[in-house]
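1. this one's structure only:
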C-alpha cells in the first residue's frame, strides 16, 4: 500500500485529522494524552505540529509516535502503519524472496490483518484422485478478502525455514532456497524416532550455530549424528539437550525449480567441528543485541546486509528502506530500534529476524496499541468481507483439512520465489494423484507452478539431474503429463514423472502434444518418504 500523494486526494494530514475526528480527537488532544500516557518518555510523545510535519514529503512518524497514536485513538497500530503506506508484512515477504547463506527460520506471522489476499470460488467439484489438472478447471478468482476474514488455521504446531546455500545437509532432497514446513508437534517427533542407520526422515535441529535440516542417526542413547546424504559435510555428533534440540520433522517443501544454485560446503562445516553448548538467550536483550544475534546466525557482513536492504529499497521504490553499512553497525549498539519503520522492516528482512520479537524488545508490541479497526473509508483496502450468502469453496476447505496449516504469509512472495511476474489460477496444477518414481523431487508432488511463457524446452545436457527443467505437456485428448523433455527436430522426447508410465515417450511437437510451459515450482509432501 502506498501513502496518498495524488493532488486529487485528501492530503495525509487531512486524513489523519479525519481519523482522529471519528474518535472525537484532535492532534492537540493526542499530544497531551501521549505525554500523560508516557511521562518522561519523549519518544512516545506526539508533537503539536505533527500534522504540519506531514506536509513535508521526507517526514515519517516514528514507530513510537504511531504507537502513541494507536493507544490514544484505540485504533490498531497495524492500521495506522497502513495509513502511512507501511506494512510490516514486507519483512516476511522479503525473507521468503532473498537468498539465505545458512538455513533460517522465516517469520510466518501476518501483521496487517486488513491486507487483501486473493480468494477463489469453486467452478465444479474437484476430483482429487486426478493425476494432473489445472486449477482453472475447478476454481475461479473471486473478490479479495482480508486476512482477518479467512478461516483460522487448524494447527499451530508448524514453523517454516528456508534452506541455506552453505548448509544444505539434506541436498538433494531439499535444495538451497526451498521453503520447508516443519511439524513441531511432540507427537510427530516421538512417532519418527531417530534410528540407526538413518532413515529418510528429515529433521530440523538447533545447534550453537543456528538451525539446519538433515537426516539423523543415533550413536548413543542421548547423542545424534548429522547424516548428509550427498555433499561432504562433516558428520558431527551432537548431544541432545546440551548441544542440540530436535525442533521438528520436515513435512512439506515449497521448491523453486528455476535459477537453482549449487550448494557450497564451507570449511567451517566441511571439516569436523566441536559443537558448543546451547546457551539460552538472555532475557534482558535489547533490540541492538537481538539484531546482532540474527545477523551473525545468518552469516552476513554489514556490507552484504546493506546490499540486501538496497534490493528492498529498489523493490519498494523508497530510499528510506536502505541502510548503509555504518548505520547497520550503529543499530546493533543501540537499545532501541531505528526511528523509521522503513529501517525496521529492512533489518528484519535482511537479517531474517522476527518482526514480533523486535517489536517486543522495543516495547512496541502490536497488542499495546488500540484494538479497533480504522474505518475502511480511510484505507486503500481492496479487500472485502465475505458475503454470508456466498457458498464456501469446497476445494479450499479440503486443502485446509489436508494440509492443516496454509502459509498465507507467502501470498505476495510466491511470484518472486518462483521467478515469475505473477501467478494466476491458470498457472497452478493439481498433482496430488502423482507418485514420483524417477526423481525424488517429484515424489509427493501436490501442486505444480508453471510459467506458460516458456514453451520451448531448454537443452540440459550439462545440467545435473536435480536441476534439469521439467515441462507440462497437453496431449491431443486434452490430458496432461509432465516430465523432463528435450525438443529434437519436431519430436518431444519426454522422461515422464508418473509412476507406472513408460520412462521415455516420443511425441510429435504440436501434433501429439503441446508444451504448456516450464515447471518453476513444486509443492510436495515429505513424510511419505519415510517408507523405503
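-> Perfect, thanks for sending it. Since this is a predicted model, take the numbers as computed values, not measurements.

2. the helices in the stretch 301-450 of the chain, which residues?
-> Counting by DSSP state H, counting those that start in this stretch, the stretch 301-450 of the chain has helices at residues 302-316, 325-331, 341-351, 355-361, 394-403, 414-418.

3. any stretches of this protein with poor pLDDT?
-> For the chain, applying pLDDT under 70 flags the ranges 1-8, 153-155, 283-284, 381-389, 433-440, 461, 497-502, 528-532.

4. can I see the domain layout of it?
-> Per automatic domain parsing, the structural domains of the chain span 12-85, 158-270, 431-525.

5. and those domains as CSV, adding distance to residue 374?
-> Just so you know, the C-beta spots here come from the backbone N, C-alpha and C atoms, and that holds for glycine as well. Below are the domains of the chain laid out as CSV (distance: least, C-beta to C-beta, whole Å):
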stretch, distance to residue 374
domain 12-85, 4
domain 158-270, 30
domain 431-525, 35
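
6. turn the ones you listed into JSON lines, columns for distance to residue 348 and mean neighbour count.
-> JSON lines is the format used below for the domains of the chain (distance: least, C-beta to C-beta, whole Å; neighbours: other C-beta atoms under 10 Å):
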{"stretch": "domain 12-85", "distance to residue 348": "12", "mean neighbour count": "18"}
{"stretch": "domain 158-270", "distance to residue 348": "14", "mean neighbour count": "19"}
{"stretch": "domain 431-525", "distance to residue 348": "25", "mean neighbour count": "18"}
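
7. closest to residue 324 out of these?
-> Nearest of the domains of the chain to residue 324, taken as C-beta to C-beta: domain 12-85 at 17.2 Å.

8. ok, which of the domains of the chain comes nearest residue 106?
-> Across those, closest to residue 106 is domain 158-270 (C-beta to C-beta), at 4.4 Å.

9. rewinding a little: could the helices of the stretch 301-450 of the chain go into a markdown table alongside distance to residue 50 and mean neighbour count?
-> Compiled in a markdown table, the helices of the stretch 301-450 of the chain are given as follows (distance: least, C-beta to C-beta, whole Å; neighbours: other C-beta under 10 Å):
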| stretch | distance to residue 50 | mean neighbour count |
| --- | --- | --- |
| helix 302-316 | 24 | 17 |
| helix 325-331 | 25 | 16 |
| helix 341-351 | 16 | 26 |
| helix 355-361 | 22 | 20 |
| helix 394-403 | 43 | 15 |
| helix 414-418 | 36 | 20 |
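
10. output the ones you listed as a markdown table; include the columns distance to residue 221.
-> Listed next are the helices of the stretch 301-450 of the chain as a markdown table, based on distance: least, C-beta to C-beta, whole Å:
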| stretch | distance to residue 221 |
| --- | --- |
| helix 302-316 | 41 |
| helix 325-331 | 44 |
| helix 341-351 | 37 |
| helix 355-361 | 34 |
| helix 394-403 | 35 |
| helix 414-418 | 41 |
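
11. how close does residue 353 sit to residue 318?
-> With distances taken as C-beta to C-beta, to the nearest Å, residue 353 is found 20 Å from residue 318.

12. higher neighbour count, the two?
-> Shown here are residue 353 and residue 318; by other C-beta atoms under 10 Å, residue 353 has more neighbours (25 against 16).

13. is it true that the more buried one touches residue 291?
-> Yes: contact status for residue 353 versus residue 291: in contact at 6.3 Å, counting by C-beta atoms under 8 Å.

14. can you tell me how far the residue nearest in space to the middle of the chain sits from residue 106?
-> The residue lying closest to the centre of the chain (C-alpha atoms, centre = their mean) is residue 96, at 3.9 Å. Distance, residue 96 to residue 106, using C-beta to C-beta: 6 Å.

15. which residues do the two both contact?
-> Common neighbours of residue 96 and residue 106, using C-beta atoms under 8 Å, 6 or more residues apart in numbering, are 162, 179, 409.

16. tell me the one of those residues nearest residue 73?
-> Using C-beta to C-beta, those come closest to residue 73 at residue 409, 27.3 Å.

17. ok, residue 446 - contacts?
-> By C-beta under 8 Å, 6+ apart, the contact set of residue 446 is 430-432, 523-525.

18. oh sorry, the question was meant for residue 516
-> Each residue near residue 516 by C-beta under 8 Å, 6+ apart is listed here: 450, 452, 455, 471-474, 480.

19. next one: residue 390
-> 121, 142.

20. if you set the cut-off to 7 Å instead, what comes out?
-> Contacts for residue 390 (C-beta atoms under 7 Å, 6 or more residues apart in numbering) come out as none.

21. then residue 96?
-> Counting by C-beta under 7 Å, 6+ apart, residue 96 touches 106, 179, 410, 413, 417.

22. so what sits against both of residue 353 and residue 291?
-> residue 347.

23. before we move on, the earlier item: quick one: which of the domains of the chain is nearest residue 395?
-> In this view, the domains of the chain are compared for proximity to residue 395 by C-beta to C-beta, and domain 431-525 is the closest at 11.3 Å.

24. of the domains of the chain, which is nearest residue 346?
-> Of all the domains of the chain, domain 12-85 comes closest under C-beta to C-beta, at 13.4 Å.

25. quick one: end-to-end distance for the closest one.
-> 10 Å (C-alpha to C-alpha, to the nearest Å).

26. and what of stretch 355-371?
-> 19 Å.

27. quick one: contacts for residue 18?
-> Per C-beta under 7 Å, 6+ apart, neighbours of residue 18: residue 378.

28. and it, which of the three is it?
-> helix (DSSP: H, G, I helix; E, B strand; the rest coil).

29. kindly report the same for residue 217.
-> Residue 217 is classified as strand under three-state DSSP.

30. residues in contact with the residue nearest to residue 165 when sequence neighbours are not counted?
-> Of all residues not flanking residue 165 in the chain, residue 176 sits nearest, at 4.3 Å (C-beta to C-beta, 6 or more residues apart in numbering). Taking C-beta under 7 Å, 6+ apart, we find residue 176 in contact with 163-165, 168, 261, 263.

31. and which of the contacts of residue 96 is nearest to residue 27?
-> Distance to residue 27 across the contacts of residue 96 (C-beta to C-beta) is lowest for residue 413, with 36.9 Å.

32. can you count the residues close to that closest one?
-> Residue 413 is flanked by 21 other residues according to other C-beta under 10 Å.

33. my guess is it contacts residue 93. True?
-> Yes: Residue 413 is in contact with residue 93 according to C-beta atoms under 7 Å; the separation is 4.6 Å.

34. okay, and which of the contacts of residue 96 map to strands?
-> If you go by DSSP state E, these have residue 179 in strands.

35. got TSV for the contacts of residue 96, with distance to residue 23 too?
-> Below are those laid out as TSV (distance: C-beta to C-beta, whole Å):
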residue	distance to residue 23
106	36
179	41
410	35
413	35
417	40
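
36. what two of the contacts of residue 96 are the furthest from one another?
-> 106 and 417 (11.2 Å).
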